[in-house]
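A.B. asks: sequence plus the predicted model coming up.
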Amino acid sequence: MSWVIEVPAPAAFIRSNDHTHWRNRHTLTSAWRDAAAWRARAAKVPALALGPVHITATIHRKDRARYDLDGAAPTIKACIDGLRDATVLAEDDCRVIPRLTIAAGEKRDTACVVLRIEAIR
């Protein structure tokens with residue numbers, strides 16, 4: 001069984017090699033976390049408390065610029081934390097999410113992160 005949640009970019013992507021002030025980073029993280037939680041609730045994704053799940057996070061940008069996929073990890077982490085806030089996941093450790101895939105998507109009019117959550121049985 002799988003669920004797909006599209007999280008439109010509520011703010012700029014959080015990049016791992018961006019050394020901004022912690023307050024600015026916190027603002028971006030909160031925006032992404034809240035957006036993911038809201039979208040998970042709106043999609044009525046059931047609680048997957050015990051896991052395990054495989055999450056594929058696909059990054060869709062508004063431009064065709066090259067970027068490091070691993071640089072998007074802080075954005076993905078904020079989105080996964082949002083899934084915890086929405087009680088989709090009870091935890092986000094390696095026992096619940098043993099597989100995490102980050103993929104590059106296509107150029108879109110609106111930047112977003114698409115989370116595909118697949119139950120592992």
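C.D. replies: Structure's in. What do you need?
A.B. asks: under the pLDDT cut-off, which ranges of this protein? List them.
C.D. replies: Residue ranges of the chain with pLDDT under 70: 49-50.
A.B. asks: list the buried residues of the longest helix along the chain.
C.D. replies: Secondary structure of the chain read by DSSP state H shows that its longest helix is helix 22-42. Of the residues in helix 22-42, L28, T29, A31, W32, R33, D34, A35, A36, A37, W38, R39, A40 count as buried by neighbour count, 16 or more other C-beta atoms under 10 Å. For the C-beta atoms, the positions are set from N, CA and C on the backbone; glycine is no exception.
A.B. asks: got a list of what the fourth one touches?
C.D. replies: Contact criterion C-beta atoms under 8 Å, 6 or more residues apart in numbering gives V7, P10, A11, I14, T75, A78, C79, G82, V113 as the residues in contact with W32.
A.B. asks: the fifth one reaches L115, doesn't it?
C.D. replies: No. If you go by C-beta atoms under 8 Å, T75 and L115 don't touch, sitting 11.0 Å apart.
A.B. asks: A78 in helix, strand or coil?
C.D. replies: Using DSSP: H, G, I helix; E, B strand; the rest coil, the structure places A78 in helix.
A.B. asks: you'd agree it is up against R25?
C.D. replies: No. Counting by C-beta under 8 Å, A78 does not reach R25; the two are 10.0 Å apart.
A.B. asks: okay, and the common contacts of these two?
C.D. replies: I14.
A.B. asks: L89 and G51, how far apart?
C.D. replies: As judged by C-beta to C-beta, to the nearest Å, L89 and G51 stand 7 Å apart.
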